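Undergrad: Pasting a predicted model and its sequence here:
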Amino acid sequence: MCARKLEPGNAQILLRGYGNLSTALHGIGRYAEAVEVAEEGSGLADRHGLPDIASFIDGNLAESLTELGRWADADDVLERAGGRRGVSARTQGQLAGQAVELALARGAYDVARRWLEGPDTWATGSYPEPQNTLPMARIAIALAAADGRILDVRSLLESAVGEGVASGHHRYGWPLLYEAAAAEARARGLAVAEVGREAAVERIRDAMKGMPEFVPLWSAQSLMIQAELLTAEGEDATARWTEAVAATEQVEAPVLPATARLRLAETLITRGGAEARGAAGELLRQADAAARELGAAPLASEITELAGRARIRLRQTDAEPAPPPAAALGLTTREREVLRLVAAGRSNRRIAEELFISPKTASVHVSNILAKLGASGRGEAAAIAHRLRVFDE
């Protein structure tokens, strides 16, 4: 259809074909091709005086640029699209949604929250469409997970997919299910998450049933979900994350392999020995380079936090961090890390798991902390830490 000659009588139909073709290519992970189609369609729509169609196609263009990691280019496209006159409210909503996707990836959570709390009739209206409601649900789940609201994550997922993803909308379903699965994995160890975890994990697995995986992108997303669910259940996900890393290296979206490398590194550090630790360090350095190049602040923060807990240097040029004011208490860096977890109510076993040390070592650290602070117990140590603002940045 896009190959036919544009004429006044068929321009609107054919130009919408550019938009539909670009989004179809995007859905199967052929982002570079989607960009080419969308750029041509947007330019033609502009030349034929059809601003709403041009901006509609630009929304698709920005979406593909975002997945390719070309975030600055996506910003420019969205600004251009939103500045045209004659753009419908629905198309403006589509553009706003893409801007929120970028904000979420960059860690600008307040922007995403304001958008979700605002009018959403462009996305739902009288006849809600899964192509709009599923991405909105995914954003809401990502925000709930960032806040540690795992019960809200479960509620949002149930409302969004019920017993499964709407037929033909798997391109939106895979990212949605991944956010929910990752939230379950990150919430492991939280008391509030224990009740209902088995049912939540099973709901995600049930939703995956029947969803196609024959496209490399979908196969990679499926492997990542499976690995997160194994982690949520406390199982060894090393093999599955290894598969996921290999699969994500075949797709065009740089965020996916960076995320998979981070998760594999975490698994290796937790379950592997010295050799695995070396491999984890290399994975973290690769993921860190990608996250920083993209400007993916939340991902970069996770990588830095894991590397810090595991005592892995991400960059050879990194200087040793300056000691915080709390150093005056005489606590070592590791003891401050332990004290932070003590103040959060963690047991010695949980401290050991989070810092990748033995429970016996954790117990020794706690005893040393109590002695240095002159505290009679864990509660008093936590109170002293908060009173002296030990954890202020």
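TA: That came through, no problem. Numbers count the residues shown, from 1 in each chain.

Undergrad: residue ranges with poor pLDDT in the chain?
TA: Scanning the chain with the threshold set as pLDDT under 70 gives 1-10, 119-128, 274, 316-329, 386-393.

Undergrad: helix or strand right after the helix or strand hosting residue 229?
TA: Element membership for residue 229, per DSSP states H and E: helix 216-232. Next in sequence after helix 216-232, counting helices and strands by DSSP H and E, comes helix 238-248.

Undergrad: What is the burial count for residue 359?
TA: Neighbours of residue 359 under the rule other C-beta atoms under 10 Å: 14. In short, each C-beta sits where N, CA and C put it, glycine included.

Undergrad: residues contacting the closest residue to it other than its chain neighbours?
TA: In this structure, residue 359 finds its nearest non-sequential neighbour in residue 352, 4.5 Å apart by C-beta to C-beta, 6 or more residues apart in numbering. Each residue near residue 352 by C-beta atoms under 8 Å, 6 or more residues apart in numbering is listed here: 358, 359, 361, 362.

Undergrad: filter these to the buried ones?
TA: residue 362 (16 or more other C-beta atoms under 10 Å).

Undergrad: so which of the contacts of residue 352 comes closest to residue 53?
TA: residue 362 (61.2 Å; C-beta to C-beta).

Undergrad: Give me the contact list for the helix or strand hosting that closest one.
TA: Here residue 362 sits within helix 359-373, counting by DSSP H and E. Contact with helix 359-373 is made by 329-331, 334-335, 338-339, 342, 348-349, 351-352, 355, 357, 375-378, 380-381, 384-385, as judged by C-beta under 8 Å, 6+ apart.

Undergrad: Pull the CA coordinates from that helix and hand them back as CSV.
TA: Backbone C-alpha positions of helix 359-373 (Å, rounded to 0.1, in the frame of the first residue of the first chain) are rendered in CSV as follows:
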residue,chain,number,x,y,z
PRO,A,359,25.5,-15.1,58.5
LYS,A,360,28.4,-15.5,60.9
THR,A,361,30.3,-12.6,59.4
ALA,A,362,27.1,-10.5,59.6
SER,A,363,26.8,-11.4,63.3
VAL,A,364,30.4,-10.2,63.9
HIS,A,365,29.7,-6.9,62.1
VAL,A,366,26.6,-6.3,64.2
SER,A,367,28.5,-7.0,67.4
ASN,A,368,31.2,-4.6,66.4
ILE,A,369,28.7,-1.9,65.5
LEU,A,370,26.9,-2.2,68.9
ALA,A,371,30.3,-1.9,70.7
LYS,A,372,31.4,1.1,68.7
LEU,A,373,28.1,2.9,69.1
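
Undergrad: Now do the buried residues in that helix.
TA: 362, 365, 366, 368, 369, 370, 373.

Undergrad: so what secondary structure elements neighbour the following helix or strand past that helix?
TA: Using DSSP H and E, the helix or strand that follows helix 359-373 in sequence is helix 378-387. Helices and strands touching helix 378-387, by 3 or more C-beta pairs under 8 Å, 6 or more residues apart in numbering; DSSP states H and E, are helix 333-343, helix 359-373.

Undergrad: and the ones you listed as a markdown table, adding distance to residue 227?
TA: Formatted as a markdown table, the helices and strands packed on helix 378-387 follow (distance: least, C-beta to C-beta, whole Å):
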| stretch | distance to residue 227 |
| --- | --- |
| helix 333-343 | 26 |
| helix 359-373 | 26 |
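
Undergrad: Tell me which of the ones you listed sits nearest to residue 13.
TA: The nearest among the helices and strands packed on helix 378-387, by C-beta to C-beta, is helix 333-343 at 60.5 Å.

Undergrad: If you compare the directions of the closest one and helix 378-387, what angle comes out?
TA: 110 degrees (axes from the mean of the first three to the mean of the last three C-alpha atoms, to 10 degrees).

Undergrad: which of the residues in the helix or strand just after helix 333-343 are buried?
TA: Later in the chain than helix 333-343, the nearest helix or strand by DSSP H and E is helix 348-355. Across helix 348-355, burial judged by 16+ other C-beta under 10 Å covers 348, 351, 352, 353, 354, 355.

Undergrad: What is the nearest of the residues you listed to residue 63?
TA: The closest of the buried residues of helix 348-355, once distances to residue 63 are taken by C-beta to C-beta, is residue 354, at 36.4 Å.

Undergrad: can you pull the contacts of the closest one?
TA: Contacts of residue 354 by C-beta under 8 Å, 6+ apart are 189, 309, 341, 346.

Undergrad: ok, now how distant is it from residue 251?
TA: As judged by C-beta to C-beta, to the nearest Å, residue 354 and residue 251 stand 31 Å apart.

Undergrad: now swap in residue 289 and tell me
TA: 18 Å.

Undergrad: neighbour-wise, which of those two wins?
TA: More neighbours surround residue 251 than the other of residue 289 and residue 251, with 21 against 15 (other C-beta under 10 Å).

Undergrad: related to what we said a few turns ago, if we only consider the buried residues of helix 348-355, which is nearest to residue 175?
TA: Once C-beta to C-beta is applied, the member of these that ends up nearest residue 175 is residue 354, at 27.8 Å.

Undergrad: so what's residue 378 closest to, chain neighbours aside?
TA: Residue 378's closest residue in space is residue 342 (C-beta to C-beta, 6+ apart), at 5.3 Å.

Undergrad: wouldn't residue 233 be in contact with residue 201 here?
TA: Yes. The pair residue 233 / residue 201 is scored as a contact, 6.3 Å apart, by C-beta atoms under 8 Å.

Undergrad: More neighbours: which of the two?
TA: A direct count of neighbours by other C-beta under 10 Å for residue 233 and residue 201 places residue 201 higher, at 19 against 14.
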